[in-house]
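Q: sharing a sequence plus its predicted fold:
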Amino acid sequence: MHNFIRLLKTRIAISLVGVAGFFISQTETGSYAEEEYGLDWLFKMRGPIASPPDIVIISIDQASAEILRLPDDPNSWPRTYYAQMVDKINQQQPALLAFNLKRSVCLLCRCGNVKRL
């Protein structure tokens, strides 16, 4: 009976920690901490993994900006550069092309409302 109560208390404590972690991760601070520290820790624990040989990863970073003589922030790059990049990549006939970009450009529409893209 003593072991059952101890096991029950452990399960309740673990559940409470899990629920608290879930709610904390839903806040802006929790989300920041998870992305900044949690993911970094998980990647360090996992260690490096080689990419499959049939996949090419194209990095868009400050070095790319310097080579192309563009602003450091890819958000401020003209969309025509992305279109040209897609055209050049499509010449190689990839099976799939995916972008992981967060474009946060504010535009004013004709009605005067601000839209985030």
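A: Received the coordinates, thanks.
Q: mind listing what Val86 touches?
A: Val86 makes contacts with Leu97, as judged by C-beta atoms under 8 Å, 6 or more residues apart in numbering. For every residue, glycine as well, the C-beta is placed using N, CA and C.
Q: so which residue is smack in the middle of the protein?
A: For the chain, Asn100 is the residue whose C-alpha lies nearest the centre (C-alpha atoms, centre = their mean; 7.3 Å).
Q: for the closest residue to Leu70 other than its chain neighbours, grab phi and psi.
A: Closest residue to Leu70 apart from its sequence neighbours, by C-beta to C-beta, 6 or more residues apart in numbering: Trp77 at 5.3 Å. Dihedral pair for Trp77: phi -70, psi 140, per degrees, to the nearest 10.
Q: residue contacts, Trp77?
A: Contacts of Trp77 by C-beta under 8 Å, 6+ apart are Ala65, Leu70, Pro71.
Q: so who does the last one touch?
A: Right, the one you point to is Pro71. Counting by C-beta under 8 Å, 6+ apart, Pro71 makes contact with Ala65, Trp77.
Q: where does it land in three-state SS?
A: Classification of Pro71 by DSSP: H, G, I helix; E, B strand; the rest coil places it in coil.
Q: and the contacts of the helix ranked longest in the chain?
A: Counting residues, the longest helix in the chain under DSSP state H turns out to be helix 2-25. With contacts defined as C-beta under 8 Å, 6+ apart, helix 2-25 is touched by Gly30, Ser31, Glu34.
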